[in-house]
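**Q** 3D, please:
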Amino acid sequence: MKSPIELKVLVSQSYADKLREATEGDADCCGGDAEALAAYPAEVLEKLPGSVVTFGCGNPVALAGMRPGETVLDLGSGAGLDCFLAAEQVGETGAVIGVDFTQDMLDKAKENVRKLGLGNVTFKHGDIEALPLEDATVDVIMSNCVINLVPDKDAVFREAFRVLRPGGRLVVSDIVLTRPATEEEMENMALLSGCISGSLPDTEYADTVRRAGFADVTVEGSPPEADGWDGEFWYSATISGVKR
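**A** Predicted structure coming up:
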């Protein structure tokens, strides 16, 4: 079994490669780049430059109900798509912060924010297991198909709880499992970097969020039918909670 540091390096390298492939028109993550983009309205995507790619498995921005003036944090912000959509919702009086571990992603995100001329979006290099933010400084935390890749998910949600203000909310799009991944599946880099084998069963995922202190935790999605799995033991879900 690889160490947490080895896993982070491998995942970071994998996503740097995926970014290069995406800019060449051949992306494939969480069902493929085309499927990831399908979660967003076409009229929204048409406004963005082609260099804004996503490897997500949902659209947390559409579900978080962001309001003007709020501060939003995106865990694993990638090339910045969700940050740019959130920026429009929070307006000039709000702020959006993206945190990512992969330098190539950060470079692309900063390039994209310059192209879009957005003054309310910033990106930080950091580990979402140890966020580079002060306590109680954000109103909304979102993430899109990233937390499944992180070795210490308890740390991610503890950190999310720490930086949220009281009354703040968490909205995460992620892959959850219908059963635990086997050790062999965990060693399969394609399943791991494909956002699958590193995740948790849905009930365990919810329990992890609750342990961090979140209330009103829900997991919403459509598990695969038992008689039609074709080997799939995962599905895309929205996980949400609030800080009381």
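
**Q** A helix includes T203, no?
**A** Yes: counting by DSSP: H, G, I helix; E, B strand; the rest coil, T203 is found in a helix.

**Q** Give the closest residue to it in space, chain neighbours not counted.
**A** The shortest distance from T203 to any non-neighbouring residue, by Cβ to Cβ, 6 or more residues apart in numbering, is to V219 (7.8 Å). Bear in mind the C-beta positions are built from the backbone N, C-alpha and C, glycine included.

**Q** Any figure for the gap between the one you found and F161?
**A** 17 Å (Cβ to Cβ, to the nearest Å).

**Q** Over to P201?
**A** 21 Å.

**Q** Who has more neighbours out of V219 and F161?
**A** Between V219 and F161, counted using other Cβ atoms under 10 Å, F161 has the larger neighbour count: 20 against 17.

**Q** show me what contacts that one?
**A** By Cβ atoms under 8 Å, 6 or more residues apart in numbering, the contact list for F161 reads A212, G213, F214, K243.

**Q** Looks to me like it is in a helix.
**A** Yes: with three-state DSSP as the criterion, F161 is located in a helix.

**Q** Would you map the helices across this structure?
**A** In the chain, the segments counted as helices under DSSP state H are 4-23, 33-37, 42-45, 60-64, 81-90, 103-116, 153-163, 183-187, 189-193, 202-211.

**Q** was I right about the residue nearest to T203 contacting L177?
**A** No: assessed by Cβ atoms under 8 Å, V219 is found out of contact with L177, at 11.3 Å.

**Q** who touches both of the two?
**A** D202.

**Q** about what we covered before: just the buried subset of the contacts of F161, written out for PyMOL, thanks.
**A** If you want just the buried ones from these in PyMOL, going by 16 or more other Cβ atoms under 10 Å, the selection is:
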select buried, resi 212+214+243
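
**Q** Columns distance to V53 and pLDDT on top of the contacts of F161, output as a markdown table?
**A** As requested, the contacts of F161 are exported to a markdown table (distance: Cβ to Cβ, whole Å; pLDDT from 0 to 100):
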| residue | distance to V53 | pLDDT |
| --- | --- | --- |
| A212 | 30 | 98 |
| G213 | 34 | 98 |
| F214 | 30 | 98 |
| K243 | 31 | 98 |
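
**Q** Could you export the contacts of F161 to TSV, including columns for distance to F101?
**A** Shown next, in TSV, are the contacts of F161 (distance: Cβ to Cβ, whole Å):
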residue	distance to F101
A212	20
G213	24
F214	23
K243	24
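
**Q** Between the contacts of F161, which sits nearest K47?
**A** Comparing the contacts of F161 against K47 with Cβ to Cβ places K243 closest, at 32.2 Å.

**Q** Now for L81: which residues touch it?
**A** Applying Cβ under 8 Å, 6+ apart to L81 gives the contacts Y40, L48, V52, V53, T54, G56.

**Q** Of the residues you listed, which is the most crowded?
**A** G56 leads the contacts of L81 on contacts (other Cβ under 10 Å) with 27 neighbours.

**Q** For burial, what's the neighbour tally of the residue nearest to S77 when sequence neighbours are not counted?
**A** In space, S77 comes closest to G98 once its chain neighbours are excluded; the distance is 2.8 Å by Cβ to Cβ, 6+ apart. As a burial measure, G98 scores 29 neighbours (other Cβ under 10 Å).

**Q** now stretch 62-75, how far from the chain's geometric center?
**A** Centre-to-centre, stretch 62-75 and its host chain are 14 Å apart (Cα atoms, centre = their mean, to the nearest Å).

**Q** Check stretch 159-171 too.
**A** On Cα atoms, centre = their mean, the centre of stretch 159-171 falls 15 Å from that of its chain.

**Q** ends of stretch 169-184, how far apart?
**A** With Cα to Cα, to the nearest Å applied, stretch 169-184 spans 35 Å between its terminal residues.

**Q** What mean pLDDT does that stretch get?
**A** Stretch 169-184 carries an average pLDDT of 95.
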